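>>> Fold the following.
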Amino acid sequence: MSRYTGPRARISRRLNTNIWGTKGEITALDRRPYPPGEHGRSRRRGSVSEYLVQLQEKQKARYTYGLTERQFRNLFAEASRRQGVTGENMLRFLELRLDNTVYRAGWGATRPQARQLVNHGHVNVNGRRVTIPSYRLRKGDVIELRPKIRESVTVQWNLDVLDRTPPAWLDPGEDKLRMTVRELPLREQIDVPVREHLIVELYSK
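So this is what the prediction gives:
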């Protein structure tokens, strides 16, 4: 499955949001706080259509969680079929992806790095190796890093230096290398700066 591998700062500048959470994106947004391209400055000053605002919210969510357009559309379709608020269902499904949960656990500095840990087979779910980043966790599932990667300099640096606090819906083990899905995430526990109601409006047209 293809994924975005181009310049990240361009995407962040276009959406006016630090999508991947890197220092390069922060620098780019500070130095050039307008969309990329020859007419970037004038576009930021001009009027913005309702459709563009809705599209940008969808792109924020899609790039943040690393989904392709087809994956995102299919996930939204599933969220709309479930009981409850469609936008909240969608964000809950995104948060419960295995690669995102590895990021939330603090094992990966960014979601792409967390995705790599999953792809390379360094994560167990309920005692079994899972290499599918889109694997959706359920309440009570236990994820842990496999023994070989626990002593990795990268993982230890992420845990010691970044020291990211897991969200309330994750229950960390004593050594922070084992997490249990305590409950399904609520909207107020998801800190991604996305206005999900605009995405629902976009797909409802």
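
>>> low-confidence ranges in this protein?
The chain contains residues with pLDDT under 70 at 1-3, 37-47.

>>> let's go with 80 and repeat that
Along the chain, segments meeting pLDDT under 80 span 1-12, 14-26, 28-48, 205.

>>> Which residue lies nearest the spatial centre of it?
residue 65 (3.1 Å; CA atoms, centre = their mean).

>>> out of everything not next to it in sequence, what's closest to that one?
The spatial neighbour of residue 65 that comes closest, neighbours along the chain excluded (CB to CB, 6 or more residues apart in numbering), is residue 94 at 4.8 Å. Using the backbone N, CA and C atoms, a C-beta is placed for each residue, glycine as well.

>>> Let me know how buried the one you found is, in neighbour terms.
25 (other CB atoms under 10 Å).

>>> Would you state the helices of this structure in chain order?
8-15, 23-31, 40-45, 50-65, 69-81, 86-95, 98-104, 111-119, 147-150, 153-157, 196-203 (DSSP state H).

>>> who's in contact with the fifth one?
Among residues not part of helix 69-81, those counted as contacts by CB atoms under 8 Å, 6 or more residues apart in numbering are 1, 58, 61-62, 67, 86-87, 89-90, 93-94, 134, 199, 203.

>>> From those, list just the buried residues.
58, 61-62, 67, 86-87, 89-90, 93-94, 134, 199, 203 (16 or more other CB atoms under 10 Å).

>>> Would you format those as TSV with distance to residue 80 included?
Converted to TSV, these look like this (distance: CB to CB, whole Å):
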residue	distance to residue 80
58	14
61	15
62	16
67	16
86	5
87	10
89	8
90	8
93	11
94	14
134	18
199	11
203	8
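
>>> which among those residues gets closest to residue 101?
residue 94 (10.6 Å; CB to CB).

>>> Identify the residues contacting residue 137.
Shown in contact with residue 137 (CB under 8 Å, 6+ apart): 96, 97, 98, 101, 125, 143, 181.

>>> wait, what's in contact with the residue nearest to the centre of the chain?
Counted by CB under 8 Å, 6+ apart, residue 65 has contacts 94, 97, 100, 111.

>>> Contact partners for residue 13?
Residue 13 neighbours (CB under 8 Å, 6+ apart): 28, 29, 32, 33, 34, 35, 36, 40.
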